[in-house]
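> Next input, structure requested:
(one chain, ligands or ions: 3)
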Amino acid sequence: MNILVINAGSSSLKFQLFNMNDESVLAKGKVERIGMDSSLVCYEPAGKPEEQEVAEILEHTTAVRKVLQMLVHKRHGVLESIDEIDAVGHRVVHGGESFPSSVIVDEDVKREIRRLFDLAPLHNPAHMLGINAVEENLPQTPQVVVFDTAFHQSMPAASYLYPIPMVLYRKHKIRRYGFHGTSHAYVSDRAAKLLQKPLDQLKLITCHIGNGASCTAVWNGKSYDTSMGMTPLEGLMMGTRSGDIDPAIVPYAMGKEDLTLGEVNSMLNKHSGLIAISGISSDMREILEAMEAGDRGAKLAFDMYEYRLRKYIGAYAAAMNGVDAIVFTAGVGENSAALRGAVCGNLTFLGIEFDEAANLSRDRGERRITTEASRVQVLVIPTNEELVIARDTHELILARTNVV
Ligand SMILES: Nc1ncnc2c1ncn2[C@@H]1O[C@H](COP(=O)(O)OP(=O)(O)O)[C@@H](O)[C@H]1O
Ligand SMILES: CC(=O)OP(=O)(O)O
Ligand SMILES: [Mg+2]
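Numbers count the residues shown, from 1 in each chain. Ligands and ions are numbered 1, 2, ... in the order given. Next up is the predicted model:
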């Protein structure tokens, strides 16, 4: 069975085409910087040379169309026809309390994803564009959605409730949901394998640091607490999102600057974080370059980003009364030795003995960046949300076929 997985992030669309008979990847790639001045399209067909292209891709519908064209391209395609795609699995960020696990897409599911737009304004609309674009191009192909929120459904009430009137939870389900669950679950599983210990006996802190960023306390294999909240705005400082701020800032800034609710929401989601402090970019690569060139705004943005992450790691070590390993993953976590070095260099009190040579290594695979003797291990594990999504999609489609 060939399964195409689409992971529409806030600024990127990643895809992988799997042959699920052996979980081999037939092709993968990504469209980055969607909606920015120039998008970057990378396409890696198995056994053929990699293709790169700069294109103008303003939204996710165009990105899906581009992916389908590349898969059947005369020279570098891997399929004769898009009909060889048996099912499509999508990442969906917000599933609320309605979806504790993955489901096959139907009209009810689409309605529920749309209802949750307000709670994930940068993501759920992008996923719907992806689902609709696939439906347009592959009307007969079943689609499955896999939710970022599902893994965090294990959180205890003391973690997921906010200290505000309970009526808001009872009536409107205002609570912490948490995101990037597929990634936190995947890297936790891999960490246990790397550490050669059972996952259900480990205290892990997984740091998914991409354009969106979140940190999770994974206690005995289950999400115990996570930094993102009712929406993906809470927690760490991100590319364009503020993360934690005093909620009283909202009405105060609205009054002082004559802002509407929509404007303040957009300010916190799209015009805060790295871009706001540096005045340069939301992209960590550009922040690091500017920092090296001596830019003070970029340095302040980086320092705040690192400090806020380090505070969460400290908090989660306290939440679990200990930690066995810290895992870095996603765009920044996997690639920025500078961020990992700054965070870990200031966590020696936890018993971290950092291995700077391993941290700086060009190795891109799963690796340890602490000494063997280090009391707390620090790991870099490339995430693979796409593989988890393909497995869930495969399982649901097989189950449906067996029932029919
Ligand atoms: N070599 C690198 N060094 C530092 N940051 C990087 C590097 N490569 C990618 N990144 C950063 O990773 C982030 C994107 O992460 P990603 O996980 O792909 O995000 P998303 O899925 O939210 O779109 C960007 O801020 C980008 O600058
Ligand atoms: C939930 C979220 O923030 O996702 P992303 O990192 O892909 O923006
Ligand atoms: Mg992502």
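
> ranges for the helices of the stretch 101-250 of the chain?
Assigned by DSSP state H, counting those that start in this stretch, the stretch 101-250 of the chain shows helices spanning 107-115, 124-137, 157-160, 166-172, 181-195, 249-257.

> Quickly, which of those bottoms out on average pLDDT?
Looking at the helices of the stretch 101-250 of the chain, the lowest mean pLDDT belongs to helix 124-137 (a mean of 89).

> hmm, back to that, same list, the helices of the stretch 101-250 of the chain, but as JSON lines with mean neighbour count please.
In this view, the C-beta of every residue, glycine as well, is placed from N, C-alpha and C. Formatted as JSON lines, those follow (neighbours: other C-beta atoms under 10 Å):
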{"stretch": "helix 107-115", "mean neighbour count": "15"}
{"stretch": "helix 124-137", "mean neighbour count": "20"}
{"stretch": "helix 157-160", "mean neighbour count": "14"}
{"stretch": "helix 166-172", "mean neighbour count": "11"}
{"stretch": "helix 181-195", "mean neighbour count": "22"}
{"stretch": "helix 249-257", "mean neighbour count": "12"}
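
> Dump the ones you listed into TSV; add distance to residue 44 as well.
Converted to TSV, the helices of the stretch 101-250 of the chain look like this (distance: least, C-beta to C-beta, whole Å):
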stretch	distance to residue 44
helix 107-115	29
helix 124-137	20
helix 157-160	39
helix 166-172	44
helix 181-195	20
helix 249-257	43
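
> of those, which approaches residue 75 most closely?
helix 124-137 (20.7 Å; C-beta to C-beta).

> other SSEs contacting that closest one?
strand 2-8, helix 60-71, strand 87-92, helix 107-115, strand 143-147 (3 or more C-beta pairs under 8 Å, 6 or more residues apart in numbering; DSSP states H and E).

> Looking at those, which is nearest to ligand 1?
Closest to ligand 1 of those, according to C-beta to the nearest ligand atom: strand 2-8, at 7.2 Å.

> The helix or strand that comes right after the closest one to helix 60-71, inter-axis angle?
Per DSSP states H and E, strand 2-8 leads on to strand 13-19 as the next helix or strand towards the C-terminus. Strand 13-19 and helix 60-71 are oriented at 40 degrees to each other (axes from the mean of the first three to the mean of the last three C-alpha atoms, to 10 degrees).

> Contacts for strand 13-19 next, please.
The set of residues external to strand 13-19 that reach it, using C-beta atoms under 8 Å, 6 or more residues apart in numbering, is 1-7, 24-31, 34, 60, 63-64, 67, 71, 78-79, 85, 130, 386-387, 390.

> Walk me through which strands it pairs with, and which way each runs.
If you go by DSSP bridges, strand 13-19 pairs up with strand 2-8 (antiparallel), strand 24-32 (antiparallel).

> Just tell me which of the ones you listed ends up closest to residue 102.
Nearest to residue 102, of these and by C-beta to C-beta, is strand 2-8 at 11.9 Å.

> In CSV, could you pull the C-alpha coordinates for the closest one?
Written as CSV, here are the backbone C-alpha positions of strand 2-8 (Å, rounded to 0.1, in the frame of the first residue of the first chain):
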residue,chain,number,x,y,z
ASN,A,2,1.4,3.4,-1.0
ILE,A,3,0.6,6.2,1.5
LEU,A,4,1.3,9.8,1.0
VAL,A,5,1.7,11.8,4.2
ILE,A,6,1.2,15.5,4.3
ASN,A,7,2.5,17.5,7.3
ALA,A,8,1.3,21.1,6.9
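
> Go back to the contacts of strand 13-19 and keep what's next to ligand 1.
Among those, proximity to ligand 1 is found for none (C-beta under 6 Å from any ligand atom).

> Just the buried ones from the residues you listed?
Among the contacts of strand 13-19, those classed as buried by 16 or more other C-beta atoms under 10 Å are 2-7, 25-31, 34, 60, 63-64, 67, 71, 78-79, 85, 130, 386-387, 390.

> And what about residue 349, helix, strand or coil?
The assignment at residue 349 comes out as helix when based on DSSP: H, G, I helix; E, B strand; the rest coil.

> so how many other residues sit close to it?
8 (other C-beta atoms under 10 Å).

> Distance check, it against ligand 3.
31 Å (C-beta to the ion, to the nearest Å).

> Next: residue 101.
In terms of C-beta to the ion, residue 101 sits 20 Å off from ligand 3.

> go on, residue 16?
According to C-beta to the ion, residue 16 stands 13 Å off from ligand 3.

> So which elements touch the helix or strand hosting residue 332?
Following DSSP H and E, one finds residue 332 within helix 330-335. Other elements packing on helix 330-335 under the criterion 3+ C-beta pairs under 8 Å, 6+ apart are strand 203-209, helix 337-345.

> got a list of contacts for the last one?
Right, helix 337-345. Helix 337-345 is contacted by residues 209, 284, 288, 302, 305-306, 309-310, 313, 326, 328, 332-333, 352, 354, 356, 359-360, 369-370, 378, 380 when judged by C-beta under 8 Å, 6+ apart.
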